[in-house]
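> fold the following.
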Amino acid sequence: MDPLTAVGLVSNILSFIDFSGKWIKGAYDIYNSELGSTPDNSRSKELLDNIRRATNTLDTHFRGKTKHERSLREICQICRQQSDTLQSILKELTVVDKDSKWKSMKVSFKSIRKEKEIASIERSLDSCRLQTLTLLGIIFSEQQSSANSRLDSILKECQRAQSDRTLEISDLIDELREAIKITRDKEEKSGSKTIQETARGTVEPSTHITLLLPKLQMIAQSIPRENDILVRLDFGDMYLRERAIKTAEDGTYWWIVKEESNEQDLSDLEREMRRHTRTSFLTWLRSGNSIYHVSGKIGSGKSTLMKFLCNNPCVQGELESWAGEKKLIFARFFFWNSGSRIQMSMEGLYRAILFQTLKKCPELIQQIFPDQWDLFDLDRSWSGNAPFCLDDVKAAFERLVNRKSFPNHRICFFIDGLDEYEGKSFEHWELAKSLQKWAQSQDIKICVSSRPHNQFMETFSDDPSLRVRLHELTQGDMSRFCRSAFENSAMFHRVSKIYQDFVEEIVKKAEGVFLWVVLVVQSLLDDIANFDPPSVLWETLNEIPETLNELFEKLLAKIKPRDRRRSDKMLLLASTFPLQRHYALVYSWLDDTEDPNFPFNAPVRGYTHQEVLDRERNVRLQLDCLTKGLLEMKPIHNARTLMNLYEDASFQHEVGFVHRSVREYLESTPNLSDIRSRLQGIDYTDIYCRLLLALSKFAIPQHYNQGNSELRRQNLQWSFEWFAGLQAIGKEPPIKIAEEFGSVLHSYRQLAPTYPDHTASDDRFTNWGLQIPITGSLSKFGTEFSYLHFAAVFRQNQYVFQRVSMDAGTLKTRDGLNLLLSAALTGNSRLVRFLLEEGASSYERVETEDMKHVRKPAQETPTVWLSFLLHFGASVIEGKQEWIWQGSFQNELEAPLGEYGLILEHFLMFGANPEAYFVLYETSTTSKSSGKCHGELKPVFVSLQQFVNAMRLPSFESVVQFFRRKRRYRISRIAANLIPKKDPLSESRIARVKEILSDKNRYDLYAICSKDGGCQVDDYIRLY
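Modelled structure (predicted):
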């Protein structure tokens, strides 16, 4: 029973007592009236019905966790007994014949006789009310009560899902506790008062509590569904781009929301343009809809302005005014083509907007995700659900924006960097048209920013009141930035008399490109620090190119020849390093990589906090000297509140480009080729392998927590994903690298405590291991781990070959792991063939767990062969090309179907039984979110031979020869233990596979079966 049942039960008890009080008041009215007055039959019937309904809500079978919760059951029993008596009295006091004066007098006389009995009931119910309020107060203050535990759990879920329900439910609980205290105190002080006096209003009733309790129960029941959907929308990089953008310099950009006193320093033209822009923007905020477009040249500060506006109280105030009595929804998204895939995609936009909207307004979740709401399984933990697929997210987003109006809400989106969307030119046109369509509702407005590309300039209105050309309006901001930079310089005294002239010239030459200003000022400050005289400074300024690319080239040309090699290594690392995070610590080892024995010759030892700080300080100085400000070190902003992934010093800073345009410049073919040509003789693949190894050996967190454990696992996986990609193009890392990684991971479990809160067991409980549903998309991690199987998954074939050759026992299933299956599920056909040749068996059985993580009996465990077929079938039937979600990133190891065809051929060549059948159900009868089949079941069976014939894999001709022509086993007998009911199926009823493959949305794969057993979808299996 749900722990909050106790809360609902209290509400029902108090409601029952309130109804009873109203009837008792009516009975006293009869008694106190003139003899012979007739009770209102319709009123009596209504009271009787209300009491019956209230009585039916009193659950006497409720079993509480604590003695106080169990006391509620006893109160329920008393209330039921008094209810029976009340109903009996009420029947006696009801006049059957309205015209009979005698009967009316008789009823009135009975009411007098029943007075003492009613008074006794009244005292009993008074006592029940007081006991109930007391128990309710105790339940909400008793930490171990099931209701309190459940509420605490819900609050934690809300915090982890970042739901705004956290404050709402906290306030509701506080309000309820206060109401309980006030009501109980008044009840105790008015002990002589009766509930009929309460009903007359002489004592404040507990109505407020009876209103709050159902509301609390309703919200508490909705929250698990709401949190489940929010968690499935969330992604770790959601706010990463916004937080990476530098905050606007003090005083800059305020002109767009309010007039500034220093605007008299501007030219008449710019002052008038600012005034017009401010007026139009504020008008749009207060009353407009449609799209407001911030256009600007590359590097003009568009993203900085958008970040400023998103966090500006004036903007929020104007939008609140626009929303009026409706609830304001404000959401933002910053496209970033230098970030992860999701940060530059429409999926990222959909997820971010939906997440921010629904966490602010959870009351909309059921309307936006109706199917997912209905299919939610309360038995499943919210954290165990996979992120929504793109189709689901897109459909939900369209439900949100396609409304013509919102009765209770008004919505404003801020979307930055439209030109950074990953799509091609025609897709940018489509994005612009979609934005225009979304903003057609009178309750939706959108502010966007982009470079002045045709797709956006032509699609959005050219009305000056709906567009700002930022590069035409920032001269004042640039002047302020320049003055501040010079005045705050340690060498300011050397230019204090002439710096204003520099400022004017810089702003004049910038032509609205803020990035150009930043880089030029930094370059001049470096020259001032080198004691260059004013004449040289002016000469330098006059020679600086006015385009960004030419400026980048000029800055890099200033690097001393002896430093050029180190500079090139830094720039190449920033452009091509495979790790998603470019930790500053990695750059500190670049010079160390000149030694080919680094880091092999160093022991596994985590740096101290001070060592990390010293190394990062050196990196910061080297970046200034060797890249002239084109690369910068910046703090890593963790977007999640779920846990602090970057608490440790080793992972607090990263290196990145000062602006996207720098990356574009360096990654252009001529420039990248020039860098590589100057680094001839350097095997940068080898350098990257060794840098990744160094990160594992030396960046050992100095504090153990779940976040640091997750971070180490992520870094390891990112490294090996890159290794796997190298293997795919014939550049497999040296076996020495794989061996050393294995030694490092082993060392983690052997290290003695190295800091105060570290215990030797910490590293044993790092979640390195991985389990997956054989056909699903949600992975889960555990402390059990096999590096050998990990290497097989990530295609470190030479390492696996060597280990298997040394120990043939590795071919057997051990601790629930099977090397052949780990290789097969990840499409590693080369390794599969090797393992089969070495004696691995496709009939080895592997341990599985069901969705509730209960290990299945040995007789129900599937073979390696059937497990592979189920995964293979899902890849085709359901179009699964992304099968492992790791938090905010996806594994790219899913092999092309041709690889699976080769693996299929290898299995059959080494004796796998081709007599196997896929069991499918029509989508309408299968709830995949709960793993259950419901409704009228319509199983469809497809033989492996039919499947292969329809697929026409590249290896088709080689595969078909293995299918023996003999009578098939009865499908119903094979599948009896797998499907919810036996369904003897004749051969003529087997579906045509081509029809299934052409309509993938119609069918869900449910199981695979053969005479050797079967295997169901969502059976969990260890991968490494």
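> separation between Asp419 and Phe801?
If you measure Asp419 against Phe801 using CB to CB, to the nearest Å, the figure is 48 Å. Every C-beta, even on glycine, is put in place using the N, C-alpha and C of the backbone.
> next: Cys310.
54 Å.
> what does Pro534 give?
68 Å.
> likewise Asp591?
Distance, Asp591 to Phe801, using CB to CB: 35 Å.
> check Glu347 too.
According to CB to CB, Glu347 stands 39 Å off from Phe801.
> between those two, which has more neighbouring residues?
Neighbours per residue, other CB atoms under 10 Å: of Glu347 and Phe801, the larger number sits with Glu347, 19 against 16.
> SS state for Thr593?
Classification of Thr593 by DSSP: H, G, I helix; E, B strand; the rest coil places it in helix.
> my read: it touches Ile687, true?
Yes. If you go by CB atoms under 8 Å, Thr593 and Ile687 touch, sitting 4.8 Å apart.
> who has more neighbours, those two?
Looking at Thr593 and Ile687 with other CB under 10 Å, you find the greater number of neighbours at Ile687, namely 21 against 18.
> quick check: that one vs Arg467, distance?
47 Å.
> how many neighbouring residues does the nearest residue to Val604 once chain neighbours are set aside have?
If the residues on either side of it in the chain are set aside, Val604 comes closest to Ser747, at 4.2 Å by CB to CB, 6 or more residues apart in numbering. For Ser747, the tally of surrounding residues (other CB under 10 Å) stands at 16.
> what helix or strand is Ser747 on?
helix 735-748 (DSSP states H and E).
> pLDDT (mean, whole number) over that helix?
In this model, helix 735-748 carries a mean pLDDT of 86.
> what packs against that helix?
Applying 3 or more CB pairs under 8 Å, 6 or more residues apart in numbering; DSSP states H and E, we find helix 735-748 packed against helix 684-698, helix 706-728, helix 787-793, helix 797-806.
> among these, show me which one is buried the most.
helix 787-793 (a mean of 24; mean count of other CB atoms under 10 Å).
> could you export that helix as PDB, CA atoms only?
Taking C-alpha atoms only, helix 787-793 is exported to PDB below (Å, rounded to 0.1, in the frame of the first residue of the first chain):
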ATOM      1  CA  TYR A 787      38.800  -5.100 -18.100                       C
ATOM      2  CA  LEU A 788      39.200  -8.000 -20.600                       C
ATOM      3  CA  HIS A 789      35.500  -7.800 -21.600                       C
ATOM      4  CA  PHE A 790      35.700  -4.000 -21.600                       C
ATOM      5  CA  ALA A 791      38.600  -4.200 -24.100                       C
ATOM      6  CA  ALA A 792      36.600  -6.600 -26.200                       C
ATOM      7  CA  VAL A 793      33.700  -4.200 -26.300                       C
END
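> check what pLDDT Ser405 gets.
On the pLDDT scale, Ser405 gets 80.
> oh, I was asking about Val401
91.
> find the nearest non-adjacent residue to it, please.
Closest residue in space to Val401, ignoring its immediate chain neighbours: Trp438 at 4.2 Å, by CB to CB, 6+ apart.
> pull the number of nearby residues for that neighbour.
Using other CB under 10 Å, Trp438 is surrounded by 20 other residues.
> so who does it touch?
By CB atoms under 8 Å, 6 or more residues apart in numbering, the residues touching Trp438 are 401, 413, 444, 446.
> can you give me the strands in the stretch 751-900 of the chain?
Using DSSP state E, counting those that start in this stretch, the strands of the stretch 751-900 of the chain run over 769-773, 780-782, 885-886, 889-890.
> repeat for the stretch 101-250 of the chain
Counting by DSSP E, counting those that start in this stretch, the stretch 101-250 of the chain contains no strands.
> where does it have low pLDDT?
Where the stretch 101-250 of the chain drops to pLDDT under 70, the residues are 101-115, 139-150, 159-162, 164, 184, 187-207.
> where exactly do the helices run in it?
Shown for the stretch 101-250 of the chain, the helices assigned by DSSP state H, counting those that start in this stretch span residues 101-113, 115-141, 146-161, 165-189, 195-200, 207-233, 240-244.
> look up how far Gly476 lies from the closest residue to Leu944 other than its chain neighbours.
Closest residue to Leu944 apart from its sequence neighbours, by CB to CB, 6+ apart: Ala916 at 4.5 Å. According to CB to CB, Ala916 and Gly476 sit 74 Å apart.
> neighbour count for the two, which is higher?
Remark: of Ala916 and Gly476, Ala916 carries more neighbours, 25 against 22, as counted by other CB under 10 Å.
> for that one, list each beta-bridge partner.
Partner residues in beta bridges with Ala916, using DSSP bridges, are Ser1010.
> residues touching it, list them.
So Ala916 contacts 865-866, 869, 943-944, 1008-1010 (CB under 8 Å, 6+ apart).
> please redo it, this time with the cut-off set to 10 Å
Ala916 makes contact with 865-866, 869-870, 873, 942-945, 947, 969, 974, 1008-1012, 1014-1015, according to CB atoms under 10 Å, 6 or more residues apart in numbering.
> now the helices: where do they sit in the stretch 501-650 of the chain?
514-529, 534-543, 548-557, 564-576, 584-587, 609-627.
> tell me the buried residues in the fourth one?
Buried positions in helix 564-576, judged by neighbour count with 16 or more other CB atoms under 10 Å: 564, 566-574.
> what of the third one?
Neighbour counts over helix 548-557 (16+ other CB under 10 Å) mark 548, 551-552, 554-556 as buried.
> what's the weakest-modelled helix or strand in the chain?
The least trusted helix or strand in the chain, going by mean pLDDT, DSSP states H and E, turns out to be strand 885-886, with a mean of 30.
> break the chain into its domains for me.
5-227, 240-472, 476-544, 561-766, 767-1024 (automatic domain parsing).
> and Leu233, which of these is closest to it?
Leu233 sits nearest to domain 240-472 of all the domains of the chain, at 4.3 Å, using CB to CB.
> which residues touch Ser842?
Ser842 sits next to 818, 820-821, 824, 832, 835-836, 863-868, 906-908, 910-913, 1012 when contact means CB under 10 Å, 6+ apart.
> and Pro534, what's its pLDDT?
91.
> ok, now which ones touch it?
494-495, 497-499, 501-502, 528.
> and for His789?
His789 is in contact with 769-770, 800, 810, 814-815, 817-819, 821-823, 1022-1024, counting by CB under 10 Å, 6+ apart.
> filter the residues you listed to the buried ones?
769-770, 800, 810, 817-819, 821-823, 1022-1024.
> of those, which belong to helices?
Using DSSP state H, 800, 819, 821-823 are the members of those that sit in helices.
> report the two of those separated the most.
Spatial extent of those (CB to CB) is set by the pair Val800 and Leu821 at 13.4 Å.
> what do those two both touch?
Contacts common to Val800 and Leu821, judged by CB under 10 Å, 6+ apart, are 789, 792, 835.
> okay, the helices and strands packed on helix 735-748 in CSV with distance to Tyr607 and mean pLDDT next?
Compiled in CSV, the helices and strands packed on helix 735-748 are given as follows (distance: least, CB to CB, whole Å; pLDDT from 0 to 100):
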stretch, distance to Tyr607, mean pLDDT
helix 684-698, 5, 89
helix 706-728, 14, 73
helix 787-793, 24, 88
helix 797-806, 27, 90
